[in-house]
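Visitor: Generate coordinates for the sequence data below:
(chains A, B and C)
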Amino acid sequence: MSRAITPRRKAVNTALAWALGLLIFFPILWTVLTSFKTEATAIADPPVWFFFDWTTENYSVVQERSGYFRFFWNSVIISVGSTLLGLLIAIPAAWSMAFVPGKRTKDILMWMLSTKMLPAVGVLVPIYLIFRDTGLLDNVWGLVIVLTLINLPIIVWMLYTYFREIPGEILEAARMDGAGLRAEIVHVLTPMAVPGIASTMLLNIILAWNEAFWTLNLTAAKSAPLTAFIASYSSPEGLFYAKLSAASTMAIAPILIMGWFSQKQLVRGLTFGAVK
Amino acid sequence: MATAHSRTAARLMLAPATVLLLAWMLIPLCMTLYYSFRRYRLLTPERQGWVGFRNYENFLTNPAFRDAFVNTLILVVGVLIITIVLGILLAILLDQPMFGQGIVRILVIAPFFVMPTVSALVWKNMFLNPVNGLFAYAAKGMGLQPYDFLSQAPLASIVGIVAWQWLPFATLILLTAIQSLDSEQMEAAEMDGAGPLARFRFITLPHLSRAITVVVLIQTIFLLSIFAEILVTTNGGPGTASTNLTYLVYVESLLNYDVGEGSAGGVVAIILANIVAIFLMRAIGKNLDA
Amino acid sequence: MTTTMRALLGATALCAAGGIAAAQDKTTLTIATVNNGDMIRMQGMTDSFLEANPDIALEWVTLEENVLRQRVTTDIATGGGQYDVMTIGTYEVPIWAKQGWLVSLSDLPEEWDADDLLPAVAEGLTVDGELYAAPFYGESSMVMYRTDLMEEAGLEMPEEPTWEFIREAAAAMTDRDAEIYGICARGKAGWGENTAFLTAMANSFGAKWFDEDWNAQFDQQPWKDTLEFYVGMMNESGPPGASGNGFNENLALFQQGKCGMWIDATVAASFVTNPDDSVVADKVGFALAPDTGLGKRGNWLWAWSLGIPAGTDAEEAAKKFVAWATSKEYTEMVAEAEGWANVPPGTRTSLYENEEYAQVPFAEMTLRSIQSADPTNPTVDPVPYTGIQFVAIPEFQGIGTAVGQQFSAALAGTTSIDDALANAQALTVDEMEDAGYN
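Guide: Numbers count the residues shown, from 1 in each chain, chains lettered A, B, ... in the order given. From the prediction side, this is the model:
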């Protein structure tokens, strides 16, 4: 905005925004703080804020008990794998809907979104039977397939809305220059589409990382991701706030850090066509 | 602009996504439909057979069904209202010049990255717990009786937790939209003597309508199937006070192990979700084309 | 469509399997277990087993109880075959064994000594003379109380208290300003949570789930007495949020010194007397579960056990593991590493004959509680079912959880006691009719 802003107004804005930001962030901050306390300090009354004996014991207990990295790698493979596979299928589809729209394009798009409304809990047993017969139970690639399919509608839609913002004249110009379909995609469209694809990818990795029904129910030991890791800490015996906090921090830290570092890219394309 | 050549190419490019989604929809749907007319209990699999509409009858006449239906609506609408209203206010605030804008934005979007199970566990144990939760300490600190959120106001607590998770998403979309607002228009309105409220009402809000529709659409899709938060915090209770349709289907198919009735419930949920979907798409299709 | 899809999925699976299956000549056992302290300890003790069996590798799936139960039940009922050893309880074993889903363990080696198992526990895991799961630890329920608070209240806990005494003592111990609540008991809905507690309690009030013709009995006076007593007592002297408290929540409260008395599983005794976790470790006394003089006490019987699903491809290795984990040697190993108070209790006669174990403060009361439980004859009046805190029929998980929701709502005060019982009666009648009992 070009309007002049009084320093006082800016100070008020800053104070207010920081207060709200910290308030929203507080549950996460508190979890991280608690993860460095002993179990006794974690439930101390009154609560202790920063001045306690910081300990990493909870992390070593959790690590020794569960072996974090096995779960971590499965989460990475599943979320990244399903995202890449999803993009591979969705980019051509979204491209064709955006640039060669037919009469039923909108219907197809809406229908795709409506498949996301299928309640997963109601179809677990049928899917479980299919997975049993195809040997996909407890297999990371089985999960990659399922997560690709459940997030595909969102990917297609996000890309479609983004591609549509790309002005058609540019394509016309490219065609006049005699560029073929492939050249058109590689040299003209791709560079313009990269921000949209990047943010679609990031959003989808987040969604896949946090998916907690299929990842828990179709896995056992080999392919269990971090959602299963958390399920073994959700109500253990006795005092557990500190260990729960440590396990929670370990489960959310990778995606949180990724999200923070890439937030510019994430936000840039995260419009779903909401901005004209 | 499209040639016949590119039309064919476009069809081919659209095909994989369509076929896969069709398969992903049809296979489970057909199996669910099949089981919904059969008696199939996981623990007594030997007694299988066709039962007509009995599973549907049982599911629909279950007193929990009506509660679940109402709770689902409350959950969706409640979270939508909270996230949109707070989202707009936050977006306007974040759009103002300030120090450390980037960091504030990072703080605000953080809840979106937290797994639903983790956020439910953290809220349940470390905040809402009436003995050891932070809110209980706060209440005691002020000389009040701790409030037992999850048994006295289970649904409202869940709405709160879910709204916390989705607020960042709404804020981000709305913020992007606000940033695209034409500042000259705003200035002109200000010169004409329009107060901040009038400017918000007649310029900002109409400008945001598309963004709001998008938030409504995307969030509704996810909110209709809220499950982990309920499972972790209240198990749908006390009674059926926080059971939504998804959770009720879960109870039938994976607690009672009644695949037949669970499937019937699944079909009912799909039908209801699609009614909502058609309704939404109508409204939104219009808004998105505009 | 289905065939294409299957072919497609199958092809992908093959590619994936080819990539992963490199160099695996060991037999890998996938063991599903619950995240209880004793099981977690077992995972840390497996070195000796792996040394003795270099051709076996172990993979653990540790999950919270409800998630675990849903996972293993889905898997075994659909023949998913993901697990080689499952941790299951006395409720599942008879039902699954009748379906032919479990491998018989009657041929475990001689030195494993099946005759040493406590009869009440072994009986619950035996179907038609064959043992179908090996008990890892067994539990009944009893009263755990704070000796110091009891003394302050000027009362003395009898070894065999009545419910009336418990209620009075609870009221006398309660000091809400100091956050001391006289009685902690389960209120969280679930057939393994509040329904288990209340069903066992109801037995001592002369109530039962079904009469001999499988008619639901929630409309009878004894159930009303039970629920009124329970809700009344919890409102007078229970902690806030009691309707959300299960075993773990109450354990945490007791360990923090916030409960005067806690009626729950006997295994909790070793946690509340462990000075590392409990601030009241040296002030805990034990008594049998209460009664009302009708001849039945409100204590249950449960054994977390290791079973092997039929159709596993590693039956021999699985048997070796099960025999190791439930052996006397394992008990001795834990005793050596962590002390006698931490060995898995409640499964073997020999443990209670061990003089060192007799030093453990809760050993005797645990044994007496287990011995006084009679799952084949659980109620005052005769009933057509077995099981104390559950009814050993497949439909019980569903009904038990739904009924538990009603009881939980009654405790939270969102439903009246009469309505909760009427709802429980109606839904039980519906389900039983649907299942074909009457």
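Visitor: Residue C:325 and residue A:249, how far apart?
Guide: For residue C:325, the distance to residue A:249 (C-beta to C-beta, to the nearest Å) stands at 32 Å. (Each C-beta comes from the backbone N, C-alpha and C, glycine too.)
Visitor: next one: residue A:101
Guide: Where residue A:249 is concerned, residue A:101 sits at a distance of 46 Å (C-beta to C-beta).
Visitor: Just want to know which of the two has more residues nearby.
Guide: residue A:249 (21 against 15; other C-beta atoms under 10 Å in any protein chain shown).
Visitor: show me the contacts for residue A:93.
Guide: Neighbour list for residue A:93: A:156, B:13, B:14, B:16, B:17, B:18 [criterion: C-beta atoms under 8 Å, 6 or more residues apart in numbering or on different chains].
Visitor: Please repeat the previous calculation with a cut-off of 7 Å.
Guide: Neighbouring residues of residue A:93 by C-beta atoms under 7 Å, 6 or more residues apart in numbering or on different chains: A:156, B:13, B:14, B:17.
Visitor: Just give me the neighbour total for the residue nearest to residue A:210 when sequence neighbours are not counted.
Guide: Distances taken as C-beta to C-beta, 6 or more residues apart in numbering or on different chains place residue B:115 nearest to residue A:210, at 4.4 Å, with adjacent residues excluded. Residue B:115: 23 surrounding residues under other C-beta under 10 Å.
Visitor: who are the neighbours in contact with residue B:115?
Guide: With contacts defined as C-beta under 7 Å, 6+ apart, residue B:115 is in contact with A:210, A:212, A:227, A:230, A:251, A:252.
Visitor: do residue C:343 as well
Guide: Residue C:343 makes contact with C:331, C:334, C:335, according to C-beta under 7 Å, 6+ apart.
Visitor: Most neighbours of all those, which one?
Guide: residue C:331 leads the contacts of residue C:343 on contacts (other C-beta under 10 Å) with 21 neighbours.
Visitor: do you know how far the residue lying closest to that residue once chain neighbours are set aside is from residue C:273?
Guide: Once flanking residues are discounted, residue C:331 sits nearest to residue C:343: 4.8 Å by C-beta to C-beta, 6+ apart. Computed as C-beta to C-beta, the residue C:343 to residue C:273 distance reads 14 Å.
Visitor: and the residue of chain B found nearest chain A, how many neighbours?
Guide: With C-beta to the nearest C-beta, the shortest gap between chain B and chain A falls at residue B:266, namely 2.3 Å. Close neighbours of residue B:266, defined as other C-beta under 10 Å, add up to 33.
Visitor: now swap in the one 4 residues further on and tell me
Guide: Neighbouring residues of residue B:270 were enumerated by other C-beta under 10 Å; the total is 24.
Visitor: Please apply the same query to the one 4 residues further on.
Guide: If you count neighbours by other C-beta under 10 Å, residue B:274 ends up with 15.
Visitor: Model confidence score at it, please.
Guide: On the pLDDT scale, residue B:274 is placed at 81.
Visitor: next one: phi and psi at it?
Guide: Dihedral pair for residue B:274: phi -70, psi -30, per degrees, to the nearest 10.
Visitor: separation between it and residue A:148?
Guide: Look at residue B:274 and residue A:148: by C-beta to C-beta, they are 22 Å apart.
Visitor: can you check residue A:172 too?
Guide: Distance from residue A:172 to residue A:148, counting by C-beta to C-beta: 34 Å.
Visitor: More neighbours: which of the two?
Guide: It is residue A:148, of residue A:172 and residue A:148, that has more neighbours when counted by other C-beta under 10 Å, with 25 against 11.
Visitor: part of a helix, is residue B:122?
Guide: Yes: judged by DSSP: H, G, I helix; E, B strand; the rest coil, residue B:122 forms part of a helix.
Visitor: secondary structure element for the nearest residue to it once chain neighbours are set aside?
Guide: Take residue B:122 and drop its neighbours on the chain: the residue closest to it by C-beta to C-beta, 6+ apart is residue A:31, 5.3 Å away. Assigned by DSSP states H and E, residue A:31 falls within helix A:7-35.
Visitor: Which parts of chain C are strands?
Guide: Applying DSSP state E to chain C gives strands spanning C:27-34, C:56-63, C:85-88, C:126-127, C:130-131, C:134-146, C:181-184, C:259-265, C:284-288, C:301-307.
Visitor: Around chain B, which positions in the stretch 151-276 of chain A sit nearby?
Guide: Taking C-beta under 7 Å from any C-beta of the partner chain as the criterion, the stretch 151-276 of chain A approaches chain B at residues A:152-153, A:156, A:168, A:172, A:181, A:206, A:210, A:212-213, A:227, A:230, A:234, A:241, A:244, A:248, A:251-252, A:255-256, A:259-260, A:263, A:267, A:270-276.
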